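Peer 1: Okay, sequence plus prediction incoming.
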Amino acid sequence: MSNKANRAIDRSIGRRLRHYRESKGYSLKTLQDKTSISAAYINRIERGERRAPSLPILERLCEALDVSLFELTQLPATTDEPTTLFDLLITHDYTVGDGIKATPEIKEAIFALVQTVIENDLSGDEQYKGAFRIIEMAKRLVNLLKRFCH
């Protein structure tokens, strides 16, 4: 078996790579310029077509995106281990509403809404500020869904 076959990565790493790249607002070309890794190669990793990038390649991508190697490659060791909220909402393909495909932008909005709900204490003096943040995040998601619905 070849060395490249031994280092094949899970498809979710490509999805994470795309998520981190898009959340930074980087195009494939921008990431190419920051890493000296061809945009076509990065695109193939993101689509799961290139399954065996070397550690130096992954490290350059992580450095350019300001994420750790663990953040990019984090996978449960077994299928019995719990999946992270990030994995569920960002790296998996799914639809929302009336069969609207969850684009990276929609996934990010869903993740941000859930994180906002988790992080805001809706009791005490700050409850109104927290509720307002949640409403704003929900409005953002609704607007995205409306845009992709039509």
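Peer 2: Thanks, I have it.
Peer 1: shaky segments in the protein?
Peer 2: Residues of the chain that meet the criterion pLDDT under 70 lie in 1-11, 51, 75-82, 150.
Peer 1: measure the most centrally placed residue in the chain to residue 87 for me?
Peer 2: What sits nearest the mean C-alpha location of the chain, by Cα atoms, centre = their mean, is residue 19, with 3.2 Å. According to Cβ to Cβ, to the nearest Å, residue 19 and residue 87 sit 11 Å apart. For glycine as for every other residue, the C-beta is placed from the backbone atoms N, C-alpha and C.
Peer 1: Over to residue 134?
Peer 2: Per Cβ to Cβ, residue 134 is found 23 Å from residue 87.
Peer 1: ditto for residue 96
Peer 2: Residue 96 is 17 Å from residue 87, where distance means Cβ to Cβ.
Peer 1: Using the record's domain definitions, break the protein down for me.
Peer 2: 3-73, 93-149 (automatic domain parsing).
Peer 1: who are the neighbours in contact with the residue nearest to the centre of the chain?
Peer 2: Neighbour list for residue 19: 90, 91, 104, 107, 108 [criterion: Cβ atoms under 8 Å, 6 or more residues apart in numbering].
Peer 1: Can you dump the C-alpha atoms of the longest helix seen in the chain in CSV for me?
Peer 2: With secondary structure taken from DSSP state H, the chain has its longest helix at helix 127-149. C-alpha atoms of helix 127-149 as CSV (Å, rounded to 0.1, in the frame of the first residue of the first chain):
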residue,chain,number,x,y,z
GLN,A,127,-31.5,38.8,29.7
TYR,A,128,-32.7,41.5,27.4
LYS,A,129,-29.3,42.0,25.7
GLY,A,130,-29.1,38.2,25.3
ALA,A,131,-32.6,37.9,23.9
PHE,A,132,-31.9,40.8,21.5
ARG,A,133,-28.7,39.0,20.2
ILE,A,134,-30.6,35.8,19.7
ILE,A,135,-33.4,37.6,17.8
GLU,A,136,-30.8,39.3,15.5
MET,A,137,-29.1,36.0,14.7
ALA,A,138,-32.5,34.4,14.0
LYS,A,139,-33.4,37.3,11.7
ARG,A,140,-30.1,36.8,9.8
LEU,A,141,-30.9,33.1,9.4
VAL,A,142,-34.5,33.8,8.2
ASN,A,143,-33.3,36.3,5.7
LEU,A,144,-30.7,33.8,4.3
LEU,A,145,-33.4,31.1,4.0
LYS,A,146,-35.7,33.5,2.2
ARG,A,147,-33.0,34.5,-0.2
PHE,A,148,-32.3,30.8,-1.1
CYS,A,149,-35.9,29.9,-1.1
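Peer 1: Cool, thanks, talk later.
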